[in-house]
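Give me coordinates for this.
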Amino acid sequence: ERERGITIKAQNVRVEWKGHTLHLIDTPGHVDFGYEVSRSLAACEGVVLVVDAAQGIEAQTLANCYLALENDLEIVAALNKIDLPAADPDRYAMEIEKVLGIPAEDILRISAKTGEGVPELLDAIVARVPAPQGDPDAPLQALIFDSQYDQYRGVVSSVRVMNGRMRKGDKLLFMQATADHEALEIGARRPATQEVAELGAGEVGYLIAGVKDVGEARSGETVTHVAHPASSPLEGYQDPKPMVFCGLFPIDADDFETLRESLQKLKLNDASISYTPESSGALGFGFRCGFLGLLHMEIVKERLEREFNLALIATAPSVQYRVLRTDGEIEIVDNPNDLPPTVNIDSIEEPFFKVSIITPKDYTGALMELCQSRRGEMTKLEYLSPERVEMQYMVPLAEVVVDFFDQLKSRSQGYASL
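Presented below is the predicted three-dimensional model:
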């Protein structure tokens, strides 16, 4: 994260403010990590929409804002980095009002660096975001929204208690895995981990229950008491649909099992990865992995190499195609080697992406040319302000996964966002 200057993994923290307890989750903004955002929103009552006061709204700002609106969450908008010489908060407040309908006078001005405006932001959260609903006396229902593997303590799960109470020593039932465990430690992150006596309805914390099988504590799992179980599990998460596929092969063939275990542990922390074993005549045994996007693919490969000391070869990224056979059967193919014989193919369909680009107006022509050269079809062109334009295109995903983002940045001198 520090190398790239972006948030990749959502982090949660518990803070006290004027007699109130606030549970804050910092989520990524990049569209490749939209699954992290949607999981976090399911555990929240409201959001703070942070916009850069020197750059204004980016395309991913809109995507994440619409996710919050779909979840019917209270939105508190804030313009950050007002201490920068290039900051123009009044101009971008008007832009937010025009695009998102949030009144400009309700948008807070803050500087996370100097602390200016932060107390007012915390006051606004307390005043405008509703308190969590939940019955502390009902049977326990706690939602696991994230997990990670600790080699000494097993699975450490981040939980949001919806109803009931959870205490250390409780016998707990993981409802979908139908496995029971004892709560060995519960606590909160402030931001360092700190044990607490109990977690009540509406609270967020972490749970260590000695779970060694990574499949038992998946994101979206419901935890309840063995003695007085909840009547039904909470609505979990939909499994995300991978968009980009590539093969990952260990350079040393003896590392195949290590790669399998590493992928299992990583999936616990990043549920959006999918993988199936595959073999290649040239590269030996490995896995065909699915990712949400190119950046996601890069990050996963890097994490496997750094956290698990693996040396890996990644094949060129590809996308899924839907093949309609002459006998009427539909086949999903993500590897060209798996295509049926040509005589058995009636037609092939490819996935299209709805691409939203926000750019200074000077680069509109160059970016339209880029999209058209990638078989894109324009669906919308709108001026957000006299200086900035939003363009929407339908582009085949196969044209996006290679170097579309790099070309977008180079043709707009880094100013356009996707």
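
drop to CA atoms for contacts and neighbour counts, all remaining ones
Will do.

Any regions of the protein where pLDDT drops low?
Counting by pLDDT under 70, the ranges of the chain that qualify are 1-9, 31-32, 214, 236-239.

hey, where'd the helices end up in it?
34-41, 59-70, 89-100, 118-128, 256-269, 294-307, 364-373, 397-400, 404-411 (DSSP state H).

Report the outermost residue of this structure with respect to its centre.
Distance from the centre of the chain peaks at Val343, with 41.3 Å (C-alpha atoms, centre = their mean).

What distance do you get for that one to Glu350?
According to C-alpha to C-alpha, to the nearest Å, Val343 and Glu350 sit 19 Å apart.

Over to Phe145?
Relative to Glu350, and taking C-alpha to C-alpha, Phe145 is found at 32 Å.

neighbour-wise, which of the two wins?
Neighbours around Phe145 and Glu350, counted as other C-alpha atoms under 10 Å, are more numerous at Phe145. The numbers are 25 against 12.

dump the residue contacts of that one.
Phe145 is in contact with 39-40, 43, 157-160, 219-221, counting by C-alpha atoms under 8 Å, 6 or more residues apart in numbering.

Give me the buried subset of those.
Burial by neighbour count, 16 or more other C-alpha atoms under 10 Å: within those this picks out 39-40, 43, 157-160, 219-221.

distance between the ends of stretch 106-113?
21 Å.

contacting residues around the residue lying closest to Ser111 once chain neighbours are set aside?
Distance criterion C-alpha to C-alpha, 6 or more residues apart in numbering; nearest residue to Ser111, sequence neighbours excluded, is Lys81 at 4.7 Å. Going by C-alpha under 8 Å, 6+ apart, Lys81 touches 52-54, 87, 110-113.

just the residues you listed now: which is nearest Asn335?
Taking C-alpha to C-alpha as the measure, Asn335 sits nearest to Asp52 out of those, at 40.6 Å.

is the closest one in a bridge, and if so with what?
Applying DSSP bridges to Asp52 gives these bridge partners: Gly56, Asn80.

dump the residue contacts of it.
Neighbours of Asp52 in contact, by C-alpha under 8 Å, 6+ apart: 79-81.

do Leu121 as well
Leu121 makes contact with 78, 108, 110 under the criterion C-alpha under 8 Å, 6+ apart.

Turn those into CSV, columns for neighbour count.
Formatted as CSV, those follow (neighbours: other C-alpha atoms under 10 Å):
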residue, neighbour count
Ala78, 23
Leu108, 19
Ile110, 24
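
Among those residues, name the ones in strands.
Assigned to strands by DSSP state E, the following of these qualify: 78, 108.

how about the contacts of Leu121 in JSON lines, adding distance to Asp123?
Formatted as JSON lines, the contacts of Leu121 follow (distance: C-alpha to C-alpha, whole Å):
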{"residue": "Ala78", "distance to Asp123": "13"}
{"residue": "Leu108", "distance to Asp123": "11"}
{"residue": "Ile110", "distance to Asp123": "13"}
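
Return the member of the contacts of Leu121 nearest to Leu62.
Nearest to Leu62 among those, with distances taken as C-alpha to C-alpha, is Ala78, at 14.2 Å.

related to what we said a few turns ago, could you turn the buried ones of the contacts of Lys81 into a ChimeraX selection?
With 16+ other C-alpha under 10 Å as the criterion, this ChimeraX line picks the buried residues out of the contacts of Lys81:
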select :52,53,54,87,110,111
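
In terms of distance to Leu184, which of the contacts of Lys81 ranks first?
Nearest to Leu184 out of the contacts of Lys81 is Ala112 (C-alpha to C-alpha; 36.5 Å).
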